[in-house]
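Trainee: Quick one, what's the 3D model for this:
(one chain, ligands or ions: 2)
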Amino acid sequence: MLRKELQVHTFGELLSYFPFRYVDRSRFYKITEIREEMTFIQVKAVIRSVQTIGPPRSRRLVATVADPTGTLDLVWFKGHKWVADKLIPGKEFVIFGRPNRFSGRWNIAHPELEVPSDQPPPLSEVLRPLYNSSEKLKAKGLDSRGISKVMKTLLLLEKFHVPETIPVEILQSLRLIPRQEAFVNIHFPESPDHLKRAQARLKFEELFFIQLRLLQQKFLRLHKQQGHPFAHVGEFVNRFYRNHLTFELTGAQKRVIKEIRADLGSGKQMNRLLQGDVGSGKTLVALMTMLIALDNGYQACIMAPTEILANQHFQTISRMLDGMSVEVRLLTGSTRTADRKEMQQGLVNGDIHIVIGTHALLEEYVQFKDLGLVVIDEQHRFGVAQRAKLWEKNRITPHVLVMTATPIPRTLAMTLYGDLDASVIDEMPPGRKPVVTRHAYESRRLELFGFLKKKIKERRQVYIVYPLIKESETMDLKNLMDGYDAVVREFPLPEYAISIVHGQMKSADKEFEMQRFVIGQTQIMVATTVIEVGVDIPNASVMVIENAERFGLSQLHQLRGRVGRGADQSFCILMTSDTLTNDARKRVQTIVHVTDGFRIAETDLQLRGPGDLEGTQQSGILDLKIADIVKDENVLKYSRNLATRIIEEDPGLERPENQRLNRHLRMIHKYEHNWGLIS
Ligand code: ADP
Ligand code: MG
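Mentor: Numbering: from 1, shown residues only. Ligands and ions are numbered 1, 2, ... in the order given. So this is what the prediction gives:
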């Protein structure tokens, strides 16, 4: 039961099923004191009336209770038969639960009921733990209260013993309480102070072992995992640099290429994360890196998350390499069978030097003569297992360069990519004007259309982007089509031509529409976020984002990055409905005022928490039980420092003083299989 509902399999895991909050059960509220923002309240009230209402299928039990100040409804949707017997009018109860407001009245659904006692509440009631439960468990009596009872039984067992996982010296130097004491106090805090210390101990433990794991992996990779030694830089790089590069590299690009070269020459396998804001020039870094691979007699590939993006990389890179004897090919889902066969040949015998593609690269039949480097663009779109597949293509793991334009806040990077090395391009190519960003309410749409007409008259191109969110795909699509119709009406042929691209179109059609926009046949591109990543059209200088309140911060930032690529002033206009939630307003304001992708990412992390950031869901690493990488940034930092020191001194954790660490790390490993795959 617990296993299925809560994913709890062992006593250890049960003990690690921590309360999600603590409530003060010694405090009673008056009914008139209830406020919207209260998540839990406790009142003492008398039953006035009890009735069953609603049609048979959704019958519910409603009890109205009163205290001297007002009345409140208690509602049960399920399991009300056994409750009903208790609810005798005139009887007083202590009622506890989450208040809701419904047609002007307060109600509590499925409250906890207790008979009031004359005793003053014990101290532990000041910090009564609340556990998440499920409907099924509640029906079996395992509501929060029930779980708490199970914990108590467990903790009071004679032979109850929680093995310590952290060496005494560390506990002492960090003033952390022993593990057993922490577990007891997290479930039954003796006092707020005890609770705080229990939390501190358990948060540290959680983050510390993650870091130990990541750093140990990194150490092993660096010291055991052989890498292709790319010892020299030769003709490919030199010729490209001298004759094909039409601009000076930025300082940041130079620095990053240097870091990469050091990795490649080390004889160890490179595993590097390259972060750089949209438009910072990552593609060029990727290209130079690939040329180093070629100079050393190896092949290279780039994997992009969408066909459009792969295509664009292919175009850009072919163009930049024009006139050099480098064989570059494109492999996507729409590559014809005949071409694919021919490519298969060329990859195996080494005639093809660089292949650019989508997931299609992961197919069984794609084999290389000597794959030395894998570049992964916009990596957060790829699952971890998918990435691992590419590695398997060689006896010696190829070097890996992972590129992302979604800046990852440092704390998150430490946890999520803690075993990768990181490079940052923190400088934009010269001559870029910052994009002017404005927020406009729906009521100003006419003005918007006027502005777009003016820009189009100046021969600029315009994007109009609509949200497309999976759960509501059909509704969003309708939204997009309505928007498209309105645009068509406002911008009629032959004066204006409009492209439309969305996720449900065939990829050939998408390609066609996209291409018309790229070559300037159309002035307006109406699209969903499929254009979010990578697309590079310097003449497009206006980005209109419809329903901007529905986009996440990093998505908005990415979209804005589609403009501002040419020499003239670009604009990003965030259209929103006339009323906004606080959260939405904050997001919109952030984009209007902040241009630095890293700062935006930090804000995003604070607003949404790590669980919702793209790329974190699949990783599993961020299923933290107690720590919070935003709030516990400090704990994260010192646990990382300490872990670094320990792994440097004793990478295998073999010394006697590290035995506890070793044992616990192996135990965690047994239960969490997917960890090893992260890079
Ligand atoms: P991203 O980091 O978003 O992938 P790109 O690699 O697409 O950025 O580069 C954006 C644009 O900037 C491209 O048109 C590219 O040719 C140009 N670019 C890259 N590096 C430089 C540079 N050092 N100086 C001038 N333009 C550059
Ligand atoms: Mg790019």
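Trainee: Tell me which residues of the helix or strand containing Val348 come out buried.
Mentor: Using DSSP states H and E, Val348 sits within helix 337-349. Under the neighbour-count criterion of 16 or more other C-beta atoms under 10 Å, helix 337-349 has Arg340, Met343, Gln344, Gly346, Leu347 buried. C-beta: built from backbone N, CA, C; applies to glycine.
Trainee: Check the spacing between the fourth one and ligand 1 real quick.
Mentor: It refers to Gly346. 26 Å (C-beta to the nearest ligand atom, to the nearest Å).
Trainee: which ones are touching the closest residue to that residue other than its chain neighbours?
Mentor: Among residues not flanking Gly346 along the chain, Ile352 sits closest, at 3.9 Å (C-beta to C-beta, 6 or more residues apart in numbering). Residues in contact with Ile352 (C-beta atoms under 8 Å, 6 or more residues apart in numbering) are Gln299, Glu327, Val328, Arg329, Met343, Gly346.
Trainee: Need the three-state assignment for Val75.
Mentor: With DSSP: H, G, I helix; E, B strand; the rest coil as the basis, Val75 sits in strand.
Trainee: okay, now it: neighbour count?
Mentor: Neighbour count for Val75, taken as other C-beta atoms under 10 Å: 18.
Trainee: ok, now Asn641?
Mentor: Residues lying near Asn641 (other C-beta under 10 Å) number 11.
Trainee: doesn't it fall inside a helix?
Mentor: Yes: judged by three-state DSSP, Asn641 forms part of a helix.
Trainee: Nearest residue to whichever residue of the stretch 101-250 of the chain sits closest to ligand 1 in space, please, no chain neighbours.
Mentor: Closest approach of the stretch 101-250 of the chain to ligand 1 (C-beta to the nearest ligand atom) occurs at Phe247, with a separation of 3.8 Å. Take Phe247 and drop its neighbours on the chain: the residue closest to it by C-beta to C-beta, 6+ apart is Pro429, 7.0 Å away.
Trainee: In contact with the one you found, which residues?
Mentor: Applying C-beta under 8 Å, 6+ apart, we find Pro429 in contact with Phe247, Thr250, Gly279, Ser280, Gly281.
Trainee: wait, isn't the fourth one in contact with Glu427?
Mentor: By that I understand Ser280. Yes: Ser280 is within contact range of Glu427, at 7.1 Å (criterion: C-beta atoms under 8 Å).
Trainee: what about the two, which has more around it?
Mentor: Just comparing Ser280 and Glu427: by other C-beta under 10 Å the higher neighbour count belongs to Ser280, 25 against 16.
Trainee: related to what we said a few turns ago, now a PyMOL select for only the buried ones of the contacts of Pro429.
Mentor: Command for PyMOL that selects the buried part of the contacts of Pro429, burial taken from 16+ other C-beta under 10 Å:
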select buried, resi 250+279+280+281
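Trainee: now, among the contacts of Pro429, which is nearest to Ser507?
Mentor: Taking C-beta to C-beta as the measure, Ser507 sits nearest to Gly279 out of the contacts of Pro429, at 25.3 Å.
Trainee: Pretty sure the closest one sits in a strand.
Mentor: No: Gly279 is assigned coil when assessed by three-state DSSP, not a strand.
Trainee: Give the phi and psi angles for it, as a check.
Mentor: phi 80, psi 0 (degrees, to the nearest 10).
Trainee: cool, Thr52 as well?
Mentor: Backbone phi and psi, for Thr52 under degrees, to the nearest 10, turn out to be phi -100, psi 130.
Trainee: Quickly list what it is bridged to.
Mentor: For Thr52, the beta-bridge partners are Leu61 (DSSP bridges).
Trainee: does any part of whichever strand or helix holds Ser318 sit near ligand 1?
Mentor: Assigned by DSSP H and E, Ser318 belongs to helix 307-320. No: for a cut-off given as C-beta under 6 Å from any ligand atom, helix 307-320 has no contacts with ligand 1; the smallest distance is 7.2 Å.
Trainee: Show me what that helix is packed against.
Mentor: For helix 307-320, the packing partners by 3 or more C-beta pairs under 8 Å, 6 or more residues apart in numbering; DSSP states H and E come out as helix 282-295, strand 299-303, strand 328-331, strand 354-357, helix 507-518.
Trainee: Residue of the stretch 501-650 of the chain nearest ligand 1, please.
Mentor: Proximity of the stretch 501-650 of the chain to ligand 1 (C-beta to the nearest ligand atom) peaks at Asp536, 5.2 Å away.
Trainee: how many other residues sit next to Trp106?
Mentor: 18.
Trainee: mind listing what the residue nearest to it when sequence neighbours are not counted touches?
Mentor: Nearest residue to Trp106, sequence neighbours excluded (C-beta to C-beta, 6+ apart): Leu72, at 4.8 Å. Listed by C-beta under 8 Å, 6+ apart, the contact set of Leu72 reads 31, 34, 43, 45, 64-66, 95, 99, 105-108.
Trainee: Can I have the buried ones of the residues you listed as a ChimeraX selection?
Mentor: Buried residues within the contacts of Leu72, by 16+ other C-beta under 10 Å, are selected in ChimeraX with:
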select :31,34,43,45,64,65,95,99,106,107,108
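Trainee: ok, the contacts of Leu72 vs Ala548, which is closest?
Mentor: Distances from Ala548 to these, taken by C-beta to C-beta, are shortest for Pro99, at 33.1 Å.
Trainee: So what sits opposite Ile376 in the bridge?
Mentor: In this structure, Ile376 bridges to Met303, Val402 when assessed by DSSP bridges.
Trainee: my read: it touches Ala300, true?
Mentor: No: the criterion here is C-beta under 8 Å, and Ile376 misses it with Ala300 at 11.8 Å.
Trainee: Which of these two has more residues huddled nearby?
Mentor: Shown here are Ile376 and Ala300; by other C-beta under 10 Å, Ala300 has more neighbours (27 against 24).
Trainee: Reformat the contacts of Pro429 as a markdown table; add pLDDT.
Mentor: Below are the contacts of Pro429 laid out as a markdown table (pLDDT from 0 to 100):
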| residue | pLDDT |
| --- | --- |
| Phe247 | 91 |
| Thr250 | 96 |
| Gly279 | 81 |
| Ser280 | 89 |
| Gly281 | 92 |
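Trainee: Relative to Leu127, which of the contacts of Pro429 is nearest.
Mentor: When the contacts of Pro429 are ranked by distance to Leu127 (C-beta to C-beta), Ser280 comes first, at 49.0 Å.
Trainee: quick one: contacts for that closest one?
Mentor: Shown in contact with Ser280 (C-beta under 8 Å, 6+ apart): Thr250, Ala252, Ala405, Ile425, Asp426, Glu427, Met428, Pro429.
Trainee: rewinding a little: just give me the closest of the contacts of Ile352 to ligand 1.
Mentor: Closest approach to ligand 1 among these (C-beta to the nearest ligand atom): Val328, at 16.2 Å.
Trainee: before we move on, the earlier item: which of the contacts of Leu72 fall in strands?
Mentor: Mapping these onto strands (DSSP state E) picks out Val43, Ala45, Thr64, Val65, Ala66, Ile95, Pro99, Arg105, Trp106, Asn107, Ile108.
Trainee: Okay, and the beta partners of the first one?
Mentor: Note on Val43: beta-bridge partners Tyr29, Ile95, judged by DSSP bridges.
Trainee: how much space between it and Thr32?
Mentor: Applying C-beta to C-beta, to the nearest Å, the value for Val43 to Thr32 is 10 Å.
Trainee: And for the last one?
Mentor: Taking C-beta to C-beta as the measure, Ile108 falls 15 Å from Thr32.
Trainee: likewise the fourth one?
Mentor: Distance, Val65 to Thr32, using C-beta to C-beta: 14 Å.
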